[in-house]
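Peer 1: turn this into a structure:
(chains A and B)
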Amino acid sequence: MARLNVNPTRMVLTTLKKKLRTARRGHKLLKDKRDELMKKFLAIVKENRSERELVEKLLKDVYSRFIMAKALMSDTHLEEALIFPKQKVTLKASSKNIMSVEVPVFEFYTEGQTGDDIFPYGFSSTSGELDGAMIALQKATPHLLKLAELEKTAQLMADEIEKTRRRVNALEYVMIPNLEETIKYIVMKLDENERGNLTRLMKVKDMMLEEAHHYKERMAQQQ
Amino acid sequence: MHKIAVVGDKDSILGFKAIGFDIYPTGEKEETVSLLESLVAEGYALIYITEDKAYGIMDEISRYRNSYFPAIILIPGSTGSLGLGKKFVKESIEKAVGADILAQDD
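Peer 2: Reported below is the predicted structural model:
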């Protein structure tokens, strides 16, 4: 691991130690966030998958009914029957916060005619198959909206999880090891300086004592 | 208040008109792309697009994946499902987890 390019001083050591503490704490928090996001994400994505299957099944049914209706009516008649809808669907999108990810919540309102009467055409000029198709489509609508909500949520959460995972990995495998290595380096360097200083002091003390008492000369005389 | 749009070939999406969605029939790839852009600019929050129309323009659709609006949702067209919608879900899982851990054999 690469050591950071810093001066090995006591002050830098203190700052780095503080940084390491922050990094460790951040790492722990982000890891928790990632785990929780993942838990929620998996639940949503499971629901998303089953909802999609349901919608695809429902729409298949709708289409096959429409094809039957089309076979029995001319294109212009069919278009004429459907072109002016009785109801209008508007969407109210609010947002929900899942682990600090803003996800949409869709609510839809139908304006105009309510109740079971959704047919924007007279029954005399249209075939019965079209009625069936309309009812099937009406039934599929809430599922379509639910699917949209789930799918967008899953996409947004997937993005957030990826980001969080990158951050966790960056902290775990780059930032924290680098800091640890640098701190170790500074501590060693400071210790080494300390030892060097001590040796120097002892040597100086010896020299000063020698100068004061002349031990060496006295030793030579005694012999 | 937001609006809902349905994009696809006319035969598939005509029915949605009667439900109260806005329908935008489209033909070629380029037309679909420019239509999609104008729909986003108009402020549609929810755009359903049939899979056969989405097929060639996945890059365009993916651009809106991570933005809050619009939600572009693939639905099967009248020709049946191409499995693109399911692929989108799979991609989300792979992006988040690294592998599709919920893969089913189908």
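
Peer 1: A:Phe148: neighbour count?
Peer 2: Actually, residue A:148 is Ala rather than Phe. A:Ala148 has 27 neighbours, counted by other C-beta atoms under 10 Å in any protein chain shown. C-beta: built from backbone N, CA, C; applies to glycine.

Peer 1: tell me the helices and strands packed up against the host helix or strand of A:Ala170.
Peer 2: A:Ala170 belongs to helix A:128-170 when assigned by DSSP states H and E. Packing partners of helix A:128-170 (3 or more C-beta pairs under 8 Å, 6 or more residues apart in numbering or on different chains; DSSP states H and E): helix A:10-72, strand A:87-98, strand A:101-112, helix B:10-19, strand B:44-50, strand B:71-75, helix B:84-97.

Peer 1: let's see that with 6 Å instead.
Peer 2: Here helix A:128-170 touches helix A:10-72, strand A:101-112, helix B:10-19, strand B:71-75, helix B:84-97, going by 3 or more C-beta pairs under 6 Å, 6 or more residues apart in numbering or on different chains; DSSP states H and E.

Peer 1: report the buried residues of the helix or strand just after it.
Peer 2: Downstream of helix A:128-170, the next assigned helix or strand under DSSP H and E is helix A:176-213. By 16 or more other C-beta atoms under 10 Å in any protein chain shown, the buried positions in helix A:176-213 come out as A:Ile176, A:Asn178, A:Leu179, A:Thr182, A:Ile183, A:Tyr185, A:Ile186.

Peer 1: also stretch A:123-136?
Peer 2: Of all the residues in stretch A:123-136, those buried under the rule 16+ other C-beta under 10 Å are A:Thr126, A:Ser127, A:Glu129, A:Leu130, A:Asp131, A:Gly132, A:Ala133, A:Met134, A:Ala136.

Peer 1: so what's residue 92 up against?
Peer 2: Here I'm looking at chain A. Residues in contact with A:Lys92, defined by C-beta atoms under 6 Å, 6 or more residues apart in numbering or on different chains, are A:Glu107.

Peer 1: chain B, not that one
Peer 2: A:Ala154, A:Gln155, A:Ala158.

Peer 1: and what of A:Leu171?
Peer 2: Shown in contact with A:Leu171 (C-beta under 6 Å, 6+ apart): A:Ala23, A:His27.

Peer 1: distance of it from chain B?
Peer 2: Separation of A:Leu171 from chain B (C-beta to the nearest C-beta, to the nearest Å): 18 Å.

Peer 1: the bottom helix or strand of chain B by mean pLDDT?
Peer 2: Sorting the helices and strands of chain B by mean pLDDT, DSSP states H and E puts helix B:10-19 at the bottom, at a mean of 79.

Peer 1: now swap in chain A and tell me
Peer 2: For chain A, counting by mean pLDDT, DSSP H and E, that's helix A:75-82 with a mean of 74.

Peer 1: how many neighbours does A:Ala71 have?
Peer 2: For A:Ala71, the tally of surrounding residues (other C-beta under 10 Å) stands at 9.

Peer 1: cool, the one 4 residues further on as well?
Peer 2: The local packing of A:Asp75 (other C-beta under 10 Å) involves 11 other residues.

Peer 1: picking up where we left off before, okay, the angle between the least confident helix or strand of chain B and helix A:75-82?
Peer 2: Relative orientation of helix B:10-19 versus helix A:75-82 (axes from the mean of the first three to the mean of the last three C-alpha atoms, to 10 degrees): 30 degrees.

Peer 1: can you tell me the SS state at B:Val7?
Peer 2: strand (DSSP: H, G, I helix; E, B strand; the rest coil).

Peer 1: report the separation between A:Met38 and chain B.
Peer 2: Taking C-beta to the nearest C-beta, one finds A:Met38 at 7 Å from chain B.

Peer 1: which one of the helices and strands packed on helix A:128-170 lies nearest to A:Asn169?
Peer 2: helix A:10-72 (9.7 Å; C-beta to C-beta).

Peer 1: what's the angle from the closest one to strand A:101-112?
Peer 2: Compare the direction of helix A:10-72 with that of strand A:101-112 by the same axes, to 10 degrees and you get 30 degrees.

Peer 1: so which bits of chain B are right by chain A?
Peer 2: Applying C-beta under 6 Å from any C-beta of the partner chain, we find that chain B lies next to chain A at B:1-2, B:4, B:14-15, B:17-21, B:45-46, B:65-66, B:71, B:73, B:75-76, B:78, B:81, B:85, B:89, B:92-93, B:95-96.

Peer 1: switch to 8 Å and redo it
Peer 2: B:1-4, B:11-12, B:14-21, B:45-46, B:48, B:65-66, B:68-69, B:71, B:73, B:75-78, B:80-81, B:85-86, B:88-89, B:92-93, B:95-97, B:102 (C-beta under 8 Å from any C-beta of the partner chain).

Peer 1: identify the residues contacting residue 70.
Peer 2: I'll assume chain A. Residues in contact with A:Lys70, defined by C-beta atoms under 8 Å, 6 or more residues apart in numbering or on different chains, are A:Leu78, B:Asp11.

Peer 1: my question was about chain B
Peer 2: B:Leu39, B:Val40, B:Tyr44, B:Ala45, B:Leu46, B:Ile47, B:Tyr64.
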